[in-house]
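**Q** Just need the structure, nothing else, for what follows:
(one chain, ligands or ions: 2)
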Amino acid sequence: MENCIFCKIVAGEIPSPRLYEDDKMIVIRDIEPKAKLHYLCIPKTHFALLSEMNDVRAEIVKHCFQVIPTLEKQLGLEEGYRVIINQGENGGQTVHHLHIHLLGGEKLADF
Ligand code: AMP
Ligand code: ZN
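**A** Ligands and ions are numbered 1, 2, ... in the order given. The predicted structure follows:
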């Protein structure tokens with residue numbers, strides 16, 4: 001997808017160290033961390049919203065949620081973390097390529 005920063009990161013056009021990578025997803029550090037540890041799980045295929053779900057995309061999102069728990073120790077999240085998927089304007093989504101925030105490394109504020 002043209003002009004999508006996460007597609008560019010996935011393609012290697014914007015450098016961003018990958019903490020994990022497989023055929024369906026990457027995990028990188030968020031450039032503006034909102035917690036002591038803040039990672040982004042980014043599917044390699046472009047779509048913006050959960051409302052654009054189809055069977056292929058659902059498989060990819062399922063894969064992300066199967067892999068994330070296997071990375072907890074490696075990412076320093078074994079004491080707990082928060083998973084966030086911002087959706088659209090009111091949800092505060094700024095990058096319109098679906099991604100899963102992983103926040104942890106400290107006790108997070110209630111919300
Ligand atoms: P969202 O607001 O849910 O769309 O989240 C987008 C996130 O991407 C924000 O937390 C940004 O800090 C993060 N971000 C934007 N550009 C980069 C980048 N080049 N590398 C890593 N994270 C980024
Ligand atoms: Zn994209």
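**Q** Now do the SS call for the residue most central in space within the chain.
**A** Geometric centre of the chain, nearest residue: residue 41, 2.4 Å, by Cα atoms, centre = their mean. Put simply, residue 41 is strand when judged by DSSP: H, G, I helix; E, B strand; the rest coil.
**Q** ok, now which ones touch residue 95?
**A** By Cβ atoms under 8 Å, 6 or more residues apart in numbering, residue 95 lies in contact with 4, 5, 6. C-beta coordinates here come from the backbone N, C-alpha and C atoms, glycine included.
**Q** Please give me every residue in contact with the first one.
**A** Residue 4 is in contact with 46, 95, 96, 97, counting by Cβ under 8 Å, 6+ apart.
**Q** Provide the backbone phi and psi angles at the closest residue to the residue nearest to the centre of the chain other than its chain neighbours.
**A** Leaving aside its chain neighbours, residue 41 sits nearest to residue 100 (4.1 Å; criterion: Cβ to Cβ, 6 or more residues apart in numbering). Note on residue 100: its backbone torsions stand at phi -110, psi 120 [degrees, to the nearest 10].
**Q** Tell me how many other residues crowd residue 100.
**A** 19 (other Cβ atoms under 10 Å).
**Q** surely it meets residue 68?
**A** Yes - counting by Cβ atoms under 8 Å, residue 100 does reach residue 68; the two are 7.1 Å apart.
**Q** Report the beta-bridge partner residues of the residue nearest to the centre of the chain.
**A** With DSSP bridges as the criterion, residue 41 is bridged to residue 27, residue 100.
**Q** how near is it to residue 2?
**A** 23 Å (Cβ to Cβ, to the nearest Å).
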